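**Q** Need coordinates for the below:
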Amino acid sequence: MEKEKDSQSFVKEQTNWAHERTRLAKERTFASWLRTGLSATAVGLALMKLLPSVEPRWLLHVIGILFVGAGCLVFVMGYRTYHIVIKKLEKEGFRGIPSALMGVLTFALLLGAILGLVLIIMD
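**A** Residues are numbered from 1 along each chain as shown. As a prediction, this is how the structure comes out:
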């Protein structure tokens, strides 16, 4: 009987560690999505500042808008994938960084990227 309890305890502990690894992996993946989105946004804005004499100017605007728009899309996709996995883990009783906090971070980055879009369009 004691051996069965030890076995169940071991299995439960291993399951807890597996959930913890999943949560940490999801947070690292979310950080990767954000880095990718920030990079795309930065490329779009940098094109406008580093290549001011490129003609036709409208083409540079289109490319900048595409990069910043891609950055926005990446932010949203990263949040969505994080949210889905964290909700599944929370149903099983495991906690991670709250999805709402990650949503606020994503929203702030989206706001910055949209401001970048406005600056590109007004240039």
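
**Q** residues in contact with the residue lying closest to Glu20 once chain neighbours are set aside?
**A** What sits nearest to Glu20 in space, not counting adjacent residues and going by C-beta to C-beta, 6 or more residues apart in numbering, is Phe94, at 7.6 Å. Heads up, the C-betas are built off the backbone N, CA and C, glycines and all. Applying C-beta atoms under 8 Å, 6 or more residues apart in numbering, we find Phe94 in contact with 16, 19-20, 23.

**Q** Farthest-apart pair in those, please.
**A** Checked with C-beta to C-beta, the contacts of Phe94 reach their widest spread between Asn16 and Arg23, with 10.6 Å between them.

**Q** Gln8: which of the contacts of Phe94 is nearest?
**A** Once C-beta to C-beta is applied, the member of the contacts of Phe94 that ends up nearest Gln8 is Asn16, at 12.6 Å.

**Q** what about that closest one, neighbour count?
**A** Asn16 sits with 12 neighbouring residues when counted by other C-beta atoms under 10 Å.

**Q** next one: Gly78
**A** Neighbour number of Gly78 under other C-beta under 10 Å is 22.

**Q** From the chain's centroid, how far away is the helix ranked longest in the chain?
**A** Criterion DSSP state H: the longest helix present in the chain is helix 2-50. Mean C-alpha position of helix 2-50 versus that of the full chain (C-alpha atoms, centre = their mean, to the nearest Å) differs by 11 Å.

**Q** Give me the helices and strands touching the helix or strand just after it, please.
**A** Counting by DSSP states H and E, the next helix or strand C-terminal to helix 2-50 is helix 57-91. Contact here means 3 or more C-beta pairs under 8 Å, 6 or more residues apart in numbering; DSSP states H and E; on that basis helix 57-91 packs against helix 2-50, helix 99-122.
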